[in-house]
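Participant: The following block contains a protein sequence and its predicted model.
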Protein chains: 2
Amino acid sequence: MDYLDVVEQVQKAKLLSKKLAILDENKKNQLLEYMSQQLEQDCEKINAANKKDVDKAKKEGLSGAMIDRLTLDKNRILDMVEGVRKVALLEDPVKKTLKTYRSKNGLLIKKVSTPIGVIGMIYESRPNVTSDVAALCIKSGNVVILKGGKEAFFSNQAIVKSLHLALKRADVESGYIQMIEHTHRDVVDVMLKQVDSIDLIVPRGGTSLIQKVVKTSLIPILKHDKGLCHIYIDDSAKLDDARDITINAKCQRPGVCNALETLLVSEKIEASFLKDLVRDLQKKSVQIRACQKTLDLLQDESLFEAFEEDWETEYLDLILSIKIVENCDEAISHINKYGSGHSDAIITESSVNAEKFLSEVDSSTVYHNASTRFTDGEAFGMGAEIGISTNKLHARGPVGLEELTSYKYVVHGDGQVRE
Amino acid sequence: MDYLDVVEQVQKAKLLSKKLAILDENKKNQLLEYMSQQLEQDCEKINAANKKDVDKAKKEGLSGAMIDRLTLDKNRILDMVEGVRKVALLEDPVKKTLKTYRSKNGLLIKKVSTPIGVIGMIYESRPNVTSDVAALCIKSGNVVILKGGKEAFFSNQAIVKSLHLALKRADVESGYIQMIEHTHRDVVDVMLKQVDSIDLIVPRGGTSLIQKVVKTSLIPILKHDKGLCHIYIDDSAKLDDARDITINAKCQRPGVCNALETLLVSEKIEASFLKDLVRDLQKKSVQIRACQKTLDLLQDESLFEAFEEDWETEYLDLILSIKIVENCDEAISHINKYGSGHSDAIITESSVNAEKFLSEVDSSTVYHNASTRFTDGEAFGMGAEIGISTNKLHARGPVGLEELTSYKYVVHGDGQVRE
């Protein structure tokens, strides 16, 4: 199918983006307030639509975890309402002067933040993403094209309908927030070719979705890819901190991208510490996959052997691989080889090793004596986030309002010409 | 062909990039000084290699303009020498703290600039790009993979050989600057798939090269695309400035991306001004293609009629299309519809119209009372540039050292775990 209606839809979005880009801050905040109020008012309708999705998912035998991610109860909808309201309170990221200087020919040059234009969001399952992303895009002056998963179709449709009522009440174009209503996957291919209309694609979902988008898209991508995170316990670590941080990073919420997957331990750390740590982790139902040195050292039959593929695996589960390394250098090499460039931590009291690790580990976020679990927009004080970028271009780490902007140079002269 | 040697080459580049990323500023500057000295010393060898390329180009009947772009004489090589030396004097863009703050859980969060990693440069003709880009990449801590055009093969090879001698003299890895020695175009396809080894592709050349790269690359791109630039002469313009700026932007160097292509004139501007301006432009051999209103107004048989396709054409030549518009709004709409988002100017004494234009025209650089010809790294005080980005992501406008960096978050804690 050609999906010509979708091509037309995104072309219209591009035109509207010029209008949204210059919308006044107060108006945007009023709009967000209306969006929040309308979602609250439509709580039951959204709930009913969500029930249709959930019933269908159950019939189709989706996993319990997926159904949990899909389900919206009243509290989750109120969280969405609150989420939109919080975005209104954040600083406007647009029209900020990032730099001002005078060139040698007397031009006054200002670097000014602008919206990006049209953002295509391709995501799976969780319907709360719909209102979160719509709010962030409105505040940053970007038109958003939402393409959610078919499993959440009725929920997303009800949420967007509610948001459109708010746009109408604020007397602005309903096209500022758009949803692709087709559910066949082919429509995504069409979307990913609209280079003249869509400025940025943000894929958020499983590895297969990300890979498909990377392979197909002609449009720049900001990808929220996997998090294969490490903690390295250095010789001089405070052992209590090392234990607490490791347990926190692995167990507090194992299914998220900033959770710990591989623990690296200096060979100078005492065996008794490692033995206790393993026991503590096992008490919390963590399965341990250990390198040969660890197996030899601990002589514990409850441990599994770690293979090459373990160092490459994002478990997203209560599983931890452990490797004993010679020193900080080996830890850094291991992370740069096997890591996904997301979040990695060193636990040490040595400022030399800390500096080395923080400088040489090539990841979006590097920690000294803290849990990897902090990598997100909320914890970093950005208010809200659209995802965590594993890109190196444009934005790295949590993507909040500021990362949803571009910039332009605004140059004032008094008749200057080039010699 | 599989070009397995190229795959191996870029994998090696990725490993080396971790080493170059942490090279000390003084060492990088020494290296740049050596590169500059060696190029000067090898001037005759480079000249001889260039002669081979030029002779071949003449035999193959390349155009005079292309042969001019390809040719290196002694002065051009000395410009290259000077160019590399100037990069050494610029501020190091790496390890700069862009932001520091403390989160509510007491973490000290620093946003620190880092190199991007491995940059693949795909370019045509001008061999001076080879040393310019190599110098900018070394200074910003990025390994560069150079893929020049086959027409400049011997020149590029001689330049890279010279740079390798300098790297050797400085006792650093010669792999920091790499050249793809294959000349068949298929090797570019292989390069564009190495997502795990190359972090950024910078294509610089004609539209067909750019289009090919956009379509094929799985790697993020910073593209230097066309410049379809406009000047709008508003009702209240100082007419002398308007004339000087228009002539400068069109005639000073018509073959470059920031040259003027379409002139928009308010219908309130007197016919006598437009008549004089057209005569002045024609004296400078500019062919005028005018809209119907202009033709009716000027009644001048030497003018050509402008068609729809003229508004979409980057002439890169002594041709100018002229359109009379009703007001500033129509000018803005025209530019946002037909422009390439490069550089556009308004000439006006009205601050209201100036603000409107600067805010609403969606281009990398917008000017008030100055020539569009200023959009480049040198004029903007960046020292040197790798190109001018028409992307909205990562970097927009001139791409200098700062734009060749990414960032990471460096987080210091004292045992924090996530609640």
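Facilitator: Received the coordinates, thanks. Residues are numbered from 1 along each chain as shown, chains lettered A, B, ... in the order given.
Participant: What helices and strands are in contact with the strand of greatest length in chain A?
Facilitator: Once chain A is assigned using DSSP state E, the strand that runs over the most residues is strand A:405-416. Contacts defined by 3 or more C-beta pairs under 8 Å, 6 or more residues apart in numbering or on different chains; DSSP states H and E place strand A:405-416 against strand A:108-115, helix B:239-251, strand B:365-370. For glycine as for every other residue, the C-beta is placed from the backbone atoms N, C-alpha and C.
Participant: Could you report the separation of the spatially closest residue to residue A:54 that is not a sequence neighbour from chain B?
Facilitator: Here the nearest residue to residue A:54 in space, its sequence neighbours aside, is residue A:71; by C-beta to C-beta, 6 or more residues apart in numbering or on different chains that works out to 5.5 Å. In this view, residue A:71 and chain B are 24 Å apart by C-beta to the nearest C-beta, to the nearest Å.
Participant: Which parts of the stretch 201-350 of chain A are strands?
Facilitator: A:229-233, A:260-266, A:287-290, A:304-305, A:319-325, A:343-347 (DSSP state E, counting those that start in this stretch).
Participant: Adding mean pLDDT and mean neighbour count, write the ones you listed out as a markdown table.
Facilitator: Converted to a markdown table, these look like this (pLDDT from 0 to 100; neighbours: other C-beta atoms under 10 Å in any protein chain shown):
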| stretch | mean pLDDT | mean neighbour count |
| --- | --- | --- |
| strand A:229-233 | 98 | 29 |
| strand A:260-266 | 98 | 26 |
| strand A:287-290 | 98 | 21 |
| strand A:304-305 | 98 | 12 |
| strand A:319-325 | 98 | 23 |
| strand A:343-347 | 98 | 30 |
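Participant: mind giving me the domain ranges of chain A?
Facilitator: A:4-225+A:390-412, A:229-374 (automatic domain parsing).
Participant: Could you dump those into TSV and include distance to residue B:348?
Facilitator: As requested, the domains of chain A are arranged in TSV below (distance: least, C-beta to C-beta, whole Å):
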stretch	distance to residue B:348
domain A:4-225+A:390-412	11
domain A:229-374	44
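Participant: For residue B:62, find the nearest of those.
Facilitator: Evaluated with C-beta to C-beta, the domains of chain A place domain A:4-225+A:390-412 nearest to residue B:62, the distance being 30.9 Å.
Participant: Now for the residue in the stretch 101-250 of chain A positioned nearest to chain B, how many residues are close by?
Facilitator: Proximity of the stretch 101-250 of chain A to chain B (C-beta to the nearest C-beta) peaks at residue A:248, 3.6 Å away. The number of residues packed around residue A:248, counting by other C-beta atoms under 10 Å in any protein chain shown, is 23.
Participant: Residue A:63 too?
Facilitator: Residues lying near residue A:63 (other C-beta under 10 Å) number 9.
Participant: so residue A:234 sits right up against residue A:266, yeah?
Facilitator: Yes: using C-beta atoms under 8 Å, residue A:234 makes contact with residue A:266 at a distance of 5.4 Å.
Participant: Quick check: neighbours shared by these two?
Facilitator: Shared between the contact lists of residue A:234 and residue A:266 (criterion: C-beta atoms under 8 Å, 6 or more residues apart in numbering or on different chains) are residues A:328, A:331.
Participant: How about residue A:277: what's its closest non-neighbour residue?
Facilitator: residue A:243 (5.4 Å).
Participant: so the one you found touches residue A:278, yeah?
Facilitator: No: between residue A:243 and residue A:278 there is no contact, the gap being 10.6 Å when judged by C-beta under 8 Å.
Participant: Let's have the strands of the stretch 201-350 of chain A in CSV, adding distance to chain B.
Facilitator: As requested, the strands of the stretch 201-350 of chain A are exported to CSV (distance: least, C-beta to the nearest C-beta, whole Å):
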stretch, distance to chain B
strand A:229-233, 12
strand A:260-266, 11
strand A:287-290, 20
strand A:304-305, 26
strand A:319-325, 16
strand A:343-347, 8
